[in-house]
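> Sequence and predicted structure, then a few things I'm wondering about:
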Amino acid sequence: MSQTPAGAPDATSPPVVHPGDGSLAQDAQERCRRRSTISGASGLVAVLGDPVRHSLSPAMHNAALQELGLDWVYMALRTPPGRLAAVLAGLESVECRGLNITLPHKAEAAQLAQELSPLAARLGAVNTLVPRAEGGWFGTNTDVEGFLAPLRSGGVSWQGQQALVLGNGGSARAIVAALTELGLAAILVAGRRQQNLDRLLQACGGWAPTLEGVPWSAGPLRSALGGSALVVNTTPVGMASSGDPEPAASPLNPSDLDALQQGATVYDLIYTPRPTALLQQAKVRGCRTIDGLEMLVQQGAASLQLWTGQAVVPVNVMRQAALEQLAAQSPTHP
Ligand SMILES: NC(=O)c1ccc[n+]([C@@H]2O[C@H](COP(=O)([O-])OP(=O)(O)OC[C@H]3O[C@@H](n4cnc5c(N)ncnc54)[C@H](OP(=O)(O)O)[C@@H]3O)[C@@H](O)[C@H]2O)c1
């Protein structure tokens, strides 16, 4: 059974290009032609990060804004480290309608926001800022909701199961928070540096009671893999940098992969390349696979709902725009 939501493309299939189209360049031209003119009254929404050059968010959000008929434009604004406070103050002054925050600013944004959702306060990380009527920014985190969407729509009961998270960085915390909502019996986190692993266990221990650390060495790692119904890669291993023609590496070696349960779900937060080497190898071993594109789309949709106050946003349009942009950026695209 697929873990992909109904109507969504298979997470491990190659990017789907616009149905019945001529070329991606024509698609892009058509999108530009259809895009409403930016006027003096246009509202601004944006993503702040560094780097942001290859972000899929502008394509995804501008397609949704157009579909919603909103006179807003979404920009990717490169914000170097040390400049976030100044950029936020400036954008508040020009009545920016909302922001996404990406690397390396998620933790600093949580410190700078005037108000935080309980989830963002718990994680100490913000990926969405909403302007407050009384001034300043409300910060929250939609990565958790985005991550959970494909797991919840797959029809699998996670109650009483074990999950293993590979990696102990920023996104691992959000994934642990998400996994606590699934009723799992145990959440294991594997880290290669004991000090960093301990830091995550300490930060999450108060609200994730079933959390345990696993050293990244053959015996403990394989035992954890063998007992897990869900394995989530939050390391960057396997991510192709833009323009990199080489197939990427996998965070698990073949012997580790052989320890996977048949029928386990392997979820990789990475979505370039599609599929990642990890997901390719897991599929060969009879696992269900999910990549990070749906998480990206769903966290974006949740942000857009918060900025616009609209309960329903065009998720399918956002997914299609993200897939088209990804295909246009792929190294194999002429
Ligand atoms: N799909 C989405 O919407 C989405 C959202 C967020 C993030 N992501 C992706 O998730 C990945 C991680 O992001 P992040 O913000 O969590 O990064 P991060 O804070 O830098 O954390 C990366 C983690 O991976 C570990 N790691 C790196 N190389 C490793 C290796 N060779 N073996 C074992 N562990 C290794 C690091 O270990 P140490 O602590 O020992 O250095 C660290 O714990 C990125 O590829 C990012 O693009 C996707």
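Good, I have the coordinates. Numbers count the residues shown, from 1 in each chain.
> Verify the stated contact: Ala113 with Thr128.
No: contact criterion C-beta atoms under 8 Å: Ala113 and Thr128 do not qualify, at 9.9 Å. (Each C-beta comes from the backbone N, C-alpha and C, glycine too.)
> So which of those two has more stuff around it?
Thr128 (27 against 23; other C-beta atoms under 10 Å).
> Okay, now the unreliable bits of the stretch 101-250 of the chain?
242-247 (pLDDT under 70).
> What is the burial count for the closest residue to Val315 other than its chain neighbours?
Among residues not flanking Val315 along the chain, Ala301 sits closest, at 4.8 Å (C-beta to C-beta, 6 or more residues apart in numbering). Burial of Ala301, expressed as a neighbour count using other C-beta under 10 Å, amounts to 24.
> Likewise for Pro209?
For Pro209, using other C-beta under 10 Å, the count is 9.
> Am I right that it is in a strand?
No: with DSSP: H, G, I helix; E, B strand; the rest coil as the criterion, Pro209 is coil rather than part of a strand.
> Tell me the spacing between it and Pro118.
17 Å (C-beta to C-beta, to the nearest Å).
> what does Val266 give?
30 Å.
> OK, contacts around the closest residue to Asp143 other than its chain neighbours?
Distance criterion C-beta to C-beta, 6+ apart; nearest residue to Asp143, sequence neighbours excluded, is Ala174 at 4.5 Å. Neighbouring residues of Ala174 by C-beta atoms under 8 Å, 6 or more residues apart in numbering: Leu123, Ala125, Asn141, Asp143, Val144, Phe147.
> Name the next helix or strand downstream of the strand or helix carrying Ala174, please.
Assigned by DSSP states H and E, Ala174 falls within helix 170-179. Counting by DSSP H and E, the next helix or strand C-terminal to helix 170-179 is strand 186-191.
> For that next one, which helices and strands make contact with it?
strand 162-166, helix 170-179, helix 194-205, strand 211-215, helix 218-226 (3 or more C-beta pairs under 8 Å, 6 or more residues apart in numbering; DSSP states H and E).
> got the contact list for it?
162-168, 172, 176, 179-180, 197, 200-201, 208, 210-216, 220-221, 224, 228.
> From those residues, list the buried ones, please.
162-168, 172, 176, 179-180, 197, 200-201, 208, 211, 214, 216, 221, 224, 228 (16 or more other C-beta atoms under 10 Å).
> which ones among these come in contact with the ligand?
With C-beta under 6 Å from any ligand atom as the criterion, the members of these in contact with the ligand are Gly167, Asn168, Ala172, Trp216.
> Touching, the last one and Asn196? I think so.
No: if you go by C-beta under 8 Å, Trp216 and Asn196 don't touch, sitting 10.6 Å apart.
> Do a quick rundown of the helices in this structure.
Using DSSP state H, the helices found in the chain span residues 24-34, 57-68, 84-93, 106-112, 118-123, 143-152, 170-179, 194-205, 218-226, 254-258, 277-284, 293-308, 315-329.
> Tell me how confident the model is about the third one, as a mean pLDDT.
Pointing back at helix 84-93 there. Here helix 84-93 scores 98 as its mean pLDDT.
> What is it packed up against?
Short answer (3+ C-beta pairs under 8 Å, 6+ apart): helix 84-93 packs on strand 43-49, helix 106-112.
> who touches that helix?
Contacts of helix 84-93 (C-beta under 8 Å, 6+ apart): 44, 46, 48, 77, 79, 99, 105, 108-109, 112, 129, 131, 135-137.
> Quick one, which of those residues are buried?
44, 46, 48, 77, 79, 99, 105, 108-109, 112, 129, 131, 136-137.
> among those, which two are most distant?
Leu44 and Glu108 (20.9 Å; C-beta to C-beta).
> Get me the contact residues on this protein for the ligand.
103, 143, 146, 167-172, 191-193, 196, 216, 234-237, 239, 251, 269-271, 292, 295-296, 299.
> Only the buried members of these: can you turn that into a PyMOL selection?
Buried residues within these, by 16+ other C-beta under 10 Å, are selected in PyMOL with:
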select buried, resi 143+146+167+168+170+171+172+191+216+234+235+237+239+251+269+270+271+292+295+296+299
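> Quick one: buried ones out of the contacts of Ala174?
Looks like the contacts of Ala174 have Leu123, Ala125, Asn141, Asp143, Val144, Phe147 buried, using 16+ other C-beta under 10 Å.
> Surely the second one is in contact with Glu108?
This means Ala125. No: between Ala125 and Glu108 no contact is recorded; they are 9.6 Å apart, counting by C-beta under 8 Å.
> Find the closest residue to the ligand in the stretch 101-250 of the chain.
Gly169 (1.8 Å; C-beta to the nearest ligand atom).
> In stretch 148-161, which residues are buried?
Leu148, Ala149, Pro150, Leu151, Ser153, Gly154, Val156, Trp158, Gln161.
> can you tell me which two in these are farthest apart?
Largest pairwise distance in the buried residues of stretch 148-161, by C-beta to C-beta, is 18.3 Å, between Ala149 and Gln161.
> For the closest residue to Gly136 other than its chain neighbours, give me its contacts.
Once flanking residues are discounted, Gly136 sits nearest to Gln114: 3.2 Å by C-beta to C-beta, 6+ apart. The contact partners of Gln114, taken as C-beta under 8 Å, 6+ apart, are Arg132, Gly135, Gly136, Trp137, Phe138.
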